[in-house]
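Student: sequence first, predicted model second:
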Amino acid sequence: MVDVSMKVQVKVFATLRKYAPAESVQKDGLELAEGATIRQVLQQLGVPEPEVAFVFVNSKRHKLDEPLSDGDELGIFPPMAGG
């Protein structure tokens, strides 16, 4: 069993919304083990890495192997297209 010691708010955007956590998790936060990385969140939600263009933690761009902290806000974005 995973020792849950932090919660992170997760928002997914555009075409990645299909991987959004349940509404209750969106409200209360995703429970994670201390030191969990962004990559581990993607795996937990079933988001394929090739579909992710960039991620932001607390409004700052981060790499997938960076650890998260309790109370962080994670935004996951697909590639953007314009016209």
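Tutor: Thanks, I have the structure now.
Student: same for the helix-or-strand element of the chain with minimal mean pLDDT, what does it pack against?
Tutor: Ranking every helix and strand in the chain by mean pLDDT, DSSP states H and E puts helix 23-28 at the bottom, with a mean of 83. Identification of packing neighbours for helix 23-28 by 3 or more C-beta pairs under 8 Å, 6 or more residues apart in numbering; DSSP states H and E yields strand 4-12. (Glycine included, C-beta is placed from N, CA and C.)
Student: check which helices and strands the strand it packs on sits against.
Tutor: Strand 4-12 packs on helix 23-28, strand 30-33, helix 38-45, strand 73-77, going by 3+ C-beta pairs under 8 Å, 6+ apart.
Student: which parts of the following helix or strand past the longest one are buried?
Tutor: Note on helix 38-45: by DSSP states H and E, the next helix or strand toward the C-terminus is strand 54-57. Going by neighbour count (16 or more other C-beta atoms under 10 Å), the buried part of strand 54-57 is 55, 57.
Student: so how far is strand 54-57 off the chain centroid?
Tutor: In this view, strand 54-57 has its centroid 8 Å away from the chain centroid, taken as C-alpha atoms, centre = their mean, to the nearest Å.
Student: low-scoring stretches of the protein, by residue?
Tutor: 1-4, 82-83 (pLDDT under 70).
Student: can you rerun that using 90?
Tutor: In the predicted model, the chain carries pLDDT under 90 at residues 1-5, 21-28, 80-83.
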